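Undergrad: Curious how this folds, go ahead:
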Amino acid sequence: MDTRNQRKDKAFKRKARVAFKVKQNLNKNILYVFRSNKFIYAQIVDGSGMTILGISSKNVEMPADAKGKIDASFKTGKVLAQKAQEKNISEVVFNRGSYKYHGRIKALAQGARDGGLKF
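TA: Prediction:
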């Protein structure tokens with residue numbers, strides 16, 4: 001069983017690994033993701049640090065048959081990709097921070113890919 005410090009170390013290593021990959025691609029736009037307990041937020045930032053567009057699951061209209069946060073994350077990723085296409089953005093670097101690539105983070109990424117963004 002992991003102790004609290006071991007979990008923090010794993011999260012720190014994951015965040016450093018992701019940050020290293022993002023730094024190698026500073027000339028591309030970066031897709032940042034933040035996950036709270038209720039909502040998921042995503043924004044696309046250019047190489048100089050200026051936010052191009054942002055979206056959250058609060059602002060996304062959900063279909064009647066959608067259930068739960070994973071469906072909301074998928075739909076948020078799809079809407080983000082559509083807005084990015086309107087601004088002629090087709091390729092981004094995915095920065096998930098210290099979050100594991102599963103669940104809502106994975107659903108957002110898959111929605112963005114289905115919407116036409118390339119990672």
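
Undergrad: ok, which stretches of the chain are strands?
TA: Taking DSSP state E as the test, the strands found in the chain are 29-35, 40-45, 51-56, 92-95.

Undergrad: now for the longest one, which elements pack on it?
TA: This points to strand 29-35. Contact here means 3 or more CB pairs under 8 Å, 6 or more residues apart in numbering; DSSP states H and E; on that basis strand 29-35 packs against strand 40-45, strand 92-95, helix 104-115. All C-beta spots, glycine's among them, are computed from the backbone N, C-alpha and C.

Undergrad: Which of those sits closest to Ile55?
TA: With CB to CB as the criterion, Ile55 lies closest to strand 40-45 of the helices and strands packed on strand 29-35, at 5.7 Å.

Undergrad: Does Ala109 touch Thr76 like I think?
TA: No: the criterion here is CB atoms under 8 Å, and Ala109 misses it with Thr76 at 10.7 Å.

Undergrad: before we move on, back to that, is it possible to export the helices and strands packed on strand 29-35 to a markdown table including distance to Ser57?
TA: What follows is those, written out as a markdown table (distance: least, CB to CB, whole Å):
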| stretch | distance to Ser57 |
| --- | --- |
| strand 40-45 | 5 |
| strand 92-95 | 17 |
| helix 104-115 | 9 |
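
Undergrad: Which of those has the lowest mean pLDDT?
TA: Among these, strand 92-95 carries the lowest mean pLDDT, a mean of 92.
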